[in-house]
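1. this is a predicted model, with the sequence first.
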Amino acid sequence: MLIIGLGRQGAWVTATVFFLPLMMVYAFIGLSAYYLCQAFPIASEDRSWRAVPAHLSAAATVGGLCVALAWGWARLLESLNIGLQPKLYLAQPWLLFVVGALLFWLATAFHMC
């Protein structure tokens with residue numbers, strides 16, 4: 001997500017201040033994939049029909065949480081009046097949602113080993 005933010009010209013300080021704390025929080029959210037994989041293993045053939053909806057809904061929830069955290073963090077940064085424009089990165093909330101969901105699926109894939 002930091003690379004998405006760094007794609008804007010001249011806004012690397014804003015991108016770093018905006019995305020780095022969000023990713024630190026998201027790192028802890030990604031740890032919850034372990035418990036989801038323990039409760040709903042995909043490798044098990046008898047319960048795989050229950051595992052797929054659980055993993056899809058968890059990824060959608062985490063994606064929505066990622067967008068909500070980004071909105072809250074942007075409001076906090078704007079209220080500090082330190083010369084940053086974090087709303088630049090909230091123009092595409094679906095991109096934040098998809099990246100959050102994909103990162104959660106990646107964490108789920110690591111925990112399935």
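-> Yes, it's here.
2. Cys37 contacts His111, correct?
-> Yes - between Cys37 and His111 there is a contact at 4.3 Å, judged by C-beta atoms under 8 Å. (Glycine included, C-beta is placed from N, CA and C.)
3. okay, these two: which has more neighbours?
-> Cys37 (21 against 17; other C-beta atoms under 10 Å).
4. biggest helix in this protein, by residue count?
-> helix 48-80 (DSSP state H).
5. can you name every helix or strand that it contacts?
-> Packing contacts for helix 48-80, counted by 3 or more C-beta pairs under 8 Å, 6 or more residues apart in numbering; DSSP states H and E, involve helix 12-30, helix 33-39, helix 93-111.
6. packed most tightly, which of these would that be?
-> Counting by mean count of other C-beta atoms under 10 Å, helix 93-111 has the highest mean neighbour count of the helices and strands packed on helix 48-80, with a mean of 17.
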